[in-house]
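[1] Only the shape, not the letters, is given here:
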């Protein structure tokens, strides 16, 4: 008997996780990626306990944890170097059932692709949704340069500017600019040791975190007009904005290659979609609920989406009922995370002196009252657990014999 066919548009973290999860529970999967390669656009990714538990469902959790750096003792600082709060990683792990881990996106992508058949991922394959398959008995149709593809299920994982989302919900306003831009770099570690930190200034922040391979993942964010870019290069822009901040920030910036500094404006879907599915088509990740990076949950929520989707749309089940159950599970949760991330982003965007002093004072006081108060921000997020493992046996077999 032929397996039902799922087409995933987009090969980001969410799309690839969905492909692996669907393949593990019996779907024939095709991933269509418009780029010429799967080299990830990005740098590091922090996986919280919620997404790690989701990866456990497809047998990847332990492997990813073995590749990742566990969050150590660090905290939040001011640009002068004064500590506002200290991170208690043991308390966080105890509260949420595991640590926060950090790894390069390429490592996660490589492990996900290794769980798929050789022919499953097609690069240089731009795709558009031609027919969502709304009519009774009709299959969905995706069009590509090499021809149309009929599918029993189409997964729109094509990012913030999702063409699939626009095709499903053309009246929705789409993502809006969050008011700030971000930079990301990966560089060799400095000679002098340092504590991991996130430093908050006036309308700007900087984060420096170690990777397990000895490199450093660093990121910056700052209030800026939408579409603005450096007149010279982004490394010089980073030095102008953050070069006077505490060590090791200037040396981290100096170690970056000018052409390797990634800059992206931040957009978010503040207005929730009416649904995450229509016909035989479903959305996940940024295409469904783009959010500010202030909680570090964008990729984590995409991984959750993928596992919950595969849980509900089993090959032998009622697809319509499964997609409705997926929307019912994911839309309220992700909408709440989008709102909470936007609230945290507004704190970072504060620029007036009195407002920044008040913000920093509150952070410092909350830290002195104990780690529990700070950690409450992630209650209901990092402690999430996936639904019942409906395809655990097949996943274990795939884990023993990866491609």
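    Structure's in. What do you need? Remember, it's a predicted structure, so these values are computed and weren't measured experimentally.
[2] Would you mind listing where the stretch 1-150 of the chain has pLDDT under the threshold?
    Residues of the stretch 1-150 of the chain meeting the criterion pLDDT under 70: 1, 40-42.
[3] need the strands for it, in chain order.
    5-9, 28-32, 44-47, 69-70, 75-77, 83-86, 101-104, 121-122, 127-131, 140-144, 147-151 (DSSP state E, counting those that start in this stretch).
[4] tell me what the fifth one is packed against?
    Here strand 75-77 touches strand 83-86, strand 197-200, helix 353-368, going by 3 or more CB pairs under 8 Å, 6 or more residues apart in numbering; DSSP states H and E. Placement of C-beta: from N, CA and C, glycine included.
[5] at 7 Å what do you get?
    Helices and strands touching strand 75-77, by 3 or more CB pairs under 7 Å, 6 or more residues apart in numbering; DSSP states H and E, are strand 83-86, strand 197-200.
[6] Please apply the same query to the first one.
    For strand 5-9, the helices and strands in contact under the criterion 3+ CB pairs under 7 Å, 6+ apart are helix 13-24, strand 28-32, strand 147-151, strand 153-156.
[7] For the last one, what is the distance to the chain centroid?
    Distance of strand 153-156 from the chain centroid (CA atoms, centre = their mean, to the nearest Å) equals 19 Å.
[8] partners of that strand in the sheet?
    If you go by DSSP bridges, strand 153-156 pairs up with strand 5-9 (parallel), strand 281-283 (parallel).
[9] can you check the second one too?
    Counting by DSSP bridges, the strands paired with strand 28-32 are strand 5-9 (parallel), strand 121-122 (parallel).
[10] contacting residues around the last one?
    This means strand 121-122. 11, 30, 31, 32, 33, 38, 113 (CB atoms under 7 Å, 6 or more residues apart in numbering).
[11] go on, the first one?
    Contacts made with strand 5-9 from outside it, assessed by CB under 7 Å, 6+ apart, are listed as 15, 18-19, 22, 27-32, 127, 142, 149, 151-158, 164.
[12] Mind checking which of those residues are buried?
    Buried residues within these, counting neighbours by 16 or more other CB atoms under 10 Å: 15, 18-19, 22, 27-32, 127, 142, 149, 151-158, 164.
[13] Any chance of CSV for the strands paired with strand 28-32, columns mean neighbour count and distance to residue 308?
    Output for those, formatted as CSV (neighbours: other CB atoms under 10 Å; distance: least, CB to CB, whole Å):
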stretch, mean neighbour count, distance to residue 308
strand 5-9, 26, 15
strand 121-122, 18, 22
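[14] contacting residues for the residue nearest to the spatial centre of the chain?
    Centroid-nearest residue in the chain, with CA atoms, centre = their mean: residue 299, separated by 1.4 Å. If you count contacts by CB under 7 Å, 6+ apart, residue 299 has them with 13, 45.
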